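Fold the following, please.
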Amino acid sequence: MRTKRMIASLVAAVALASVSASAIVTAADDFSVSISKTEAAAGESFELTLDLTNIPSTGINACDFGISYDSSLVTIDEVNLGSLAKDTTSVEGTLPEPFECNIETGVISVMYALGTTDSAYFLNGTGTFLNISGTVKADAAAGSDAEFKIVPVDRAVTPGSSTTNSTVVFGYMSADETTTVYEPVFTAGNVHVLGGETEETTEPATEPETTPTTEPVTEDIPDGTKYGDVNLDQRVNVSDVVTLNMYLLNTETNALQPEGKANADCVRDNLIDSADSALILGYVAGTADISELGK
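Here you go, the predicted structure:
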């Protein structure tokens, strides 16, 4: 059983450095994050799942983590949300896409940031969060194992910073922007390479569903001081995406500070909308460069 760690402790301070100064790190007894195991021969396709077990009762509305893998043995074709993720199309208002995934050589960067504090849409209970599909390389040696392991996303804590992110985030942000980060037990998975070769097949990519949006309203928004830092904590991370998504869902209840609103206009079109959310989400997940924020 893991024990609670005090905010003042050194370990907690390090863990929270890339999340938020107001974050709370808490142990989550029996909460686990695990990647499945499978077998496939050289040239064959495979599927893995990332499963969450016994999520704390408060649920999860924010995730920020990476999955490392052996790129000398396998390639990753697609990563999709599993059955644990709720359908948010019925949420009243405009809710930006909460999921962003960046597949690079040797690592998959994952971001999930809901823009609602309605726990009905949180990740809860036990189930599959991600489905991962890929292919074993044709020259992969029989008997070898490609390990899949949960790791922090390797990026600057804030744009231009020399400090690198060292935190894996599974948690939630409340309406008052208090961030809680759980400490689950992590279990790695793998693809065991069998003998023989088969013709490589790849499932056709499916077109993502789009959510209807309301007509945008332009306004005179001043230049930002640190684009992407929506919650004004001097960092750009998953907390800013959640804060912005909450604002987009209900601008009156979740109003932004003037400086935060200016920092949110990353597309620089005098609109605060899902395009800004997607750009910040892309930066945090590694699909967008720092130079794209506020340009």
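
Which parts of the stretch 1-150 of the chain are helices?
Remark: helices assigned in the stretch 1-150 of the chain by DSSP state H, counting those that start in this stretch are 10-16.

how about low-confidence regions in it?
Across the stretch 1-150 of the chain, the ranges flagged by pLDDT under 70 are 1-29, 90-95.

pLDDT score for the residue lying closest to G160 once chain neighbours are set aside?
Nearest residue to G160, sequence neighbours excluded (Cβ to Cβ, 6 or more residues apart in numbering): I290, at 6.8 Å. C-beta coordinates here come from the backbone N, C-alpha and C atoms, glycine included. At I290, the pLDDT value in this model is 79.

M246 too?
87.

How many residues are close by it?
24 (other Cβ atoms under 10 Å).

right, and it touches A113 too?
No. Assessed by Cβ atoms under 8 Å, M246 is found out of contact with A113, at 9.6 Å.

helix/strand/coil for S277?
Secondary structure, DSSP: H, G, I helix; E, B strand; the rest coil: S277 is helix.

Now do the same contact list for the closest residue to it other than its chain neighbours.
Nearest non-adjacent residue to S277, counting by Cβ to Cβ, 6+ apart: P96, 4.1 Å away. By Cβ atoms under 8 Å, 6 or more residues apart in numbering, the contact set of P96 is 115, 244-245, 248, 274, 277-278, 281.

Report the contact partners of the residue nearest to N80 when sequence neighbours are not counted.
When the adjacent residues along the chain are set aside, N80 lies closest to N131, with 5.0 Å between them (Cβ to Cβ, 6+ apart). For N131, the contacting residues are 47-49, 79-82, by Cβ under 8 Å, 6+ apart.

any idea how far the residue nearest the centre of the chain is from F46?
Closest residue to the average C-alpha location of the chain: M111 at 1.3 Å, with Cα atoms, centre = their mean. Distance, M111 to F46, using Cβ to Cβ, to the nearest Å: 24 Å.
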